[in-house]
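sequence first, predicted model second:
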2 protein chains.
Amino acid sequence: MPRRRVTQADVAALIGVSQATVSFVLSGRTPSGVRISAETRQRVLDAIRITGYSANPVAQRLAGGHNQILGVFTYETTFPSGGRDFYGPFLIGIEHAAEQIGVDLLLFTSARVVEGSRRLTTSGWQRLGIADGCLLLGQHEEQAELQHLLDTNYPFVFVGRRESEGGRLPYVGADYLSGTRRAVLRAADMGHRRIGYVGARTSDQPTRDRLAGYQAAVADRGLHPTYIESVDTARVVAQIAEQSLSAVLLAPENDPDELRLALLEMRIRVPEDLSVLLLGQPHHRLPGPTRWSGFTIPREQMGSRALLLLSHLAGTLYAGTSSPGSPVLGGGRADPDLHQLLECTDVAGETLVPPNGRGGAGTLTRSSTILEPKRTHA
Amino acid sequence: MPRRRVTQADVAALIGVSQATVSFVLSGRTPSGVRISAETRQRVLDAIRITGYSANPVAQRLAGGHNQILGVFTYETTFPSGGRDFYGPFLIGIEHAAEQIGVDLLLFTSARVVEGSRRLTTSGWQRLGIADGCLLLGQHEEQAELQHLLDTNYPFVFVGRRESEGGRLPYVGADYLSGTRRAVLRAADMGHRRIGYVGARTSDQPTRDRLAGYQAAVADRGLHPTYIESVDTARVVAQIAEQSLSAVLLAPENDPDELRLALLEMRIRVPEDLSVLLLGQPHHRLPGPTRWSGFTIPREQMGSRALLLLSHLAGTLYAGTSSPGSPVLGGGRADPDLHQLLECTDVAGETLVPPNGRGGAGTLTRSSTILEPKRTHA
DNA sequence: TCAAGGCAATTATGCGCATTATTAGCAGCT
DNA sequence: AGCTGCTAATAATGCGCATAATTGCCTTGA
């Protein structure tokens, strides 16, 4: 057993052929009119088995080939120490898919951190090249960086929907829009008429999608939209009371447990006085005992689907020595859809019930005692 | 701006020197009597700044250098989907350290899975070479594989203690032994005389360490050791009653909440009738509401310390263009300790109280009603 | 008998960098 | 002048693989 790793040259020498022949057999491709006889091919394969040869991914990559490594770039720290981790579920899916298709995952943890989020600067850039392609997770991407990505023709896939001119950014996202829409309809069908939306007024895609879904569904049912910006919990509670809402949709940046407590202080019970629908898993802390109604994002599935898509785009799929020779040039000339939207999973939960007193709001008396919040809002 | 990435040759051409000169300036090393004048060095550095050059990690590695990539090999799936993840906390620490020292993390998710655990087979083997070194996490390692690792002189570090002849396996572990010892002493100092140990009878290092700690502490205090093997919860409960224990140490493979419930069925309340000390975070499911006494493993710290150690061993630490030229050959000729044991963190918790009726066990009447368990044990 | 053409493979080259071996230039000395 | 010794750099090589360019051989047709 040689201490040095076995190379294609070793394999070739063993059966008296050239290194190039081994390479051709391995890749299955023969770009320049090269032919390998069935017999030679078999001898090479045997020699590979005997020597236990396995390609050096580094050399493969340097020579312009693929190396079965896919990158994962997270704009924020991948594994946050405080509270629940946001990327965890995605990574579970990603890892699962990676295991399935036999690729390694490269986490770009070395990227420079600017203003709390990682950046794809020139230096970070070069490092991407190690992998055949890269998954991008997080919200803080910059336009310039994306442009660069597109320009270089490097395969990448966003986890999470990304609108772009010409639909040039590939992504695997969750369908917040129809999820939110269904949430509204569920409440409406149960008799709720005053259904509010509580969330941050940011311009990220998920927020836009949720708002669009809310708006559309409310219009559908001839209801009146009520937007509540969630900066200060006390304020949110006050507004809910003022507007005598009987149900609210809660964007995931809210902390539902905190809100519930604050509501309780104002004698508004969930769900007896107020139904609550969660639009995705809350970002904050660990889940409490409450089974919130609403929907969840299929994060694991998003992760694995994204990796699969990326793998297609990167052409990282001839794996073993099996298939005859799928074309692996270009970038994603095959079928996989560049824009995949996954359905959100509705959760029945226990916080959606018919409106109080079966009439609708029944909140008039309550609201009168509540209009002036005791808390000062900083 | 050239579409192609900037290479050392480009930088060199810009100021009219050779590619080798650039390489020398970058690495700071001059193995064979090569000298670079301060002036030239400065010009090179300027050119690098101007062009935005950044090394190609792939080429670096192929040419026998380091590439600031450290591998992470987990014998089990890194991100388990069922229940709580075991590696998570380690990874948090690992990532944090990686970010600090500016290295990327390579997850070997492509390794073949044999009998439910990943293997470092020959093929998996080759892939390790991509990284400068590798972290190993998990219990299912094989002797042969480890031998191979040592033979090839590839830098690696175990997360978790590993005994080995000659102490050749580098690791960063938790001091289960003294942690367990302290747990016993805490109970004894509170008046407990009958302190049992509940755990699996496996031969892994943590179990051996815990048992050693238990044994030593019990002997210290002149107590009698009671070992209870945890296969069937009902049986465990029965034995606890039979032996009229007033406190038990619970190895982390037990599910404390489940045990507590089972105990309750036998009218044994925790902690009134039985004090319980947890020897590390339970492997199973999410933490319940109970604040268990005992200790926790500093998993995050283990992760980051391990990565730091690995980084030393791999010589992955000249980073920027700063230091004059630290020796980077050999393997870990510096100070970092190859065997690091981290102290476990004691947790006061609410399940350790003085023994019932201040006398010791006070369990005689209780045990008589309990001796025959109602459950059949499969 | 010789060119044309297909087959089966080989040789050559380069990816970007680290590193060894080598060279050019010059001062100081005998 | 010629040699040594020193500084400051360059040229050359190889890592292991992918791939373009090329070669040798054999069959076929005229």
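Arrived safely, thanks for sending.

what pairs with the helix or strand where A:Leu136 lies, and is each one parallel or antiparallel?
A:Leu136 belongs to strand A:133-137 when elements are defined using DSSP states H and E. Sheet pairing of strand A:133-137 (DSSP bridges) gives strand A:69-74 (parallel), strand A:156-159 (parallel).

dump that strand to PDB, restricted to CA.
Output of strand A:133-137 as PDB, limited to C-alpha atoms (Å, rounded to 0.1, in the frame of the first residue of the first chain):
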ATOM      1  CA  GLY A 133     -22.000  25.900  -7.000                       C
ATOM      2  CA  CYS A 134     -23.400  27.600  -4.000                       C
ATOM      3  CA  LEU A 135     -26.600  28.000  -2.000                       C
ATOM      4  CA  LEU A 136     -27.400  31.400  -0.700                       C
ATOM      5  CA  LEU A 137     -29.500  31.800   2.500                       C
END
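
quick one: stretch A:106-125 near DNA strand C?
No: using Cβ under 7 Å from any atom of the strand, stretch A:106-125 stays clear of DNA strand C, with a minimum separation of 11.5 Å. To be clear about C-beta, it is placed using only N, CA and C from the backbone, and glycine gets the same treatment.

start and end of that stretch, how far apart?
14 Å (Cα to Cα, to the nearest Å).

do you know how far the most centrally placed residue in chain A is from chain B?
By Cα atoms, centre = their mean, the mean C-alpha position of chain A lies nearest to A:Val159, the distance being 3.3 Å. Look at A:Val159 and chain B: by Cβ to the nearest Cβ, to the nearest Å, they are 15 Å apart.

beta-bridge partners for that residue, please?
A:Leu137, A:Val172.

quick one: contacts for it?
A:90, A:135-137, A:171-173, A:302-303, A:306 (Cβ atoms under 8 Å, 6 or more residues apart in numbering or on different chains).

just the closest of those residues to B:Arg182, please.
The closest of the contacts of A:Val159 to B:Arg182 turns out to be A:Phe90 (Cβ to Cβ; 39.0 Å).

can you give me the pLDDT of the closest one?
Listed pLDDT for A:Phe90 reads 92.

so it makes contact with A:Ser304?
No: counting by Cβ atoms under 8 Å, A:Phe90 sits too far from A:Ser304 to count as a contact (9.1 Å).

strands of chain A, start to end?
Assigned by DSSP state E, the strands in chain A fall at A:69-74, A:104-107, A:113-114, A:117-118, A:133-137, A:156-159, A:171-174, A:195-199, A:226-229, A:247-250, A:275-279, A:293-296, A:339-342, A:345-347.

which of those strands comes out lowest on mean pLDDT?
strand A:113-114 (a mean of 82).

just checking: what are the partner strands of that strand?
strand A:117-118 (antiparallel).

show me which residues of the stretch 51-200 of chain A are close to DNA strand D?
Counting by Cβ under 7 Å from any atom of the strand, the stretch 51-200 of chain A sits next to DNA strand D at A:53, A:55-56, A:59-60, A:62-65.

looking at the stretch 101-250 of chain A, which residue is nearest DNA strand C?
A:Gln126 (7.7 Å; Cβ to the nearest atom of the strand).

quick one: which two of the residues of the stretch 51-200 of chain A next to DNA strand D are the most distant?
A:Tyr53 and A:Gly64 (20.1 Å).

so those two - more neighbours on which side?
In this view A:Tyr53 and A:Gly64 are compared by other Cβ atoms under 10 Å in any protein chain shown, and A:Tyr53 has more residues nearby, 23 against 6.

show me the domain layout of chain A.
According to automatic domain parsing, chain A comprises the domains A:8-54, A:69-154+A:299-342, A:176-297+A:346-368.

can you redo the ones you listed as CSV with distance to B:Met266?
Listed next are these as CSV, based on distance: least, Cβ to Cβ, whole Å:
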stretch, distance to B:Met266
domain A:8-54, 56
domain A:69-154+A:299-342, 35
domain A:176-297+A:346-368, 26
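
residue contacts, A:Arg161?
So A:Arg161 contacts A:171, A:173-174, A:176, A:205-206, A:209, A:339, A:341 (Cβ under 8 Å, 6+ apart).

kindly recompute the last result at 7 Å.
A:171, A:173, A:205, A:209, A:341 (Cβ atoms under 7 Å, 6 or more residues apart in numbering or on different chains).

so which of those is the closest to A:Thr180?
Of all the contacts of A:Arg161, A:Asp209 has the smallest distance to A:Thr180: 7.3 Å, by Cβ to Cβ.

filter the contacts of A:Val159 to the buried ones?
Those of the contacts of A:Val159 that meet the buried threshold are A:90, A:135-137, A:171-173, A:302-303, A:306, by 16 or more other Cβ atoms under 10 Å in any protein chain shown.

can you check the pLDDT for A:Arg112?
At A:Arg112, the pLDDT value in this model is 78.

now the one 4 residues further on
At A:Gly116 the predicted local confidence, pLDDT, stands at 79.

so which residue of the stretch 201-350 of chain A comes closest to chain B?
Here the residue of the stretch 201-350 of chain A nearest chain B is A:Glu300; by Cβ to the nearest Cβ that distance is 6.6 Å.

in the stretch 51-200 of chain A, where is pLDDT below threshold?
Filtered on pLDDT under 70, the stretch 51-200 of chain A yields the residue ranges A:78-85, A:122-123.

show me where it has helices.
For the stretch 51-200 of chain A, the helices defined by DSSP state H, counting those that start in this stretch occupy A:57-62, A:88-101, A:122-128, A:143-152, A:176-189.

could you export those as CSV, including distance to A:Arg267?
Below are the helices of the stretch 51-200 of chain A laid out as CSV (distance: least, Cβ to Cβ, whole Å):
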stretch, distance to A:Arg267
helix A:57-62, 63
helix A:88-101, 36
helix A:122-128, 52
helix A:143-152, 47
helix A:176-189, 21
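
nearest to A:Asp46, of those helices?
Closest among those, once you apply Cβ to Cβ, is helix A:57-62, at 21.8 Å.
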